[in-house]
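Engineer: How does the following fold in three dimensions:
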Amino acid sequence: MTVMVLATRGCSHCNTFCKELNELGIQHEVHFCDDEPELVEKYGIRHSPNLIVDDEVIFRRQATEHELKEFFKL
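Structural biologist: Next comes the predicted model:
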C-alpha cells in the first residue's frame, strides 16, 4: 500500500496530519504541491492537505483520527 500526503508547503494542517499518521503507524511520504505541479494536475488538487492511497485521493482535507482508523481498519 502506498500512502502519500500531498500538501502545500504553507499548509498549517500538514504537520498535524503527518503526526497523526505516524502515531497510527501508517507509513507515508509527503509531497509538496509547490514542487510537483504534475501531481496537482493528476489528482485535481485544490486544497491542502490531501491523502492519496494507492493512486486514489481518499481525503481532500485533514481526516480525523476516527476516519483514518476506519479507512485503514485499525
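Engineer: what residues does the longest helix anywhere in the chain touch?
Structural biologist: In the chain, assigned by DSSP state H, the helix with the most residues is helix 14-23. Here helix 14-23 makes contact (CB atoms under 8 Å, 6 or more residues apart in numbering) with 3, 5, 7-8, 28, 30, 48-49, 51, 62-63, 65, 68. C-beta coordinates here come from the backbone N, C-alpha and C atoms, glycine included.
Engineer: And for stretch 52-72?
Structural biologist: Against stretch 52-72 from outside (CB under 8 Å, 6+ apart): 1-6, 13, 16-17, 20-21, 24, 26, 43-47, 49-51, 74.
Engineer: Report the distance from that stretch to the chain centre.
Structural biologist: Taking CA atoms, centre = their mean, to the nearest Å, one finds stretch 52-72 lying 7 Å from the centre of the chain it belongs to.
Engineer: In it, which residues are buried?
Structural biologist: Within stretch 52-72, the residues that qualify as buried are I52, V53, F59, R60, Q62, A63, L68, counting by 16 or more other CB atoms under 10 Å.
Engineer: what does stretch 28-43 give?
Structural biologist: If you call a residue buried by 16+ other CB under 10 Å, then stretch 28-43 has these buried ones: H28, H31, F32, C33, L39, V40, Y43.
Engineer: Tell me who's in contact with the fourth one.
Structural biologist: Taking CB under 8 Å, 6+ apart as the contact definition, C33 lies against L6, A7, T8, L39, V40, I45, S48.
Engineer: With that, I have no additional questions.
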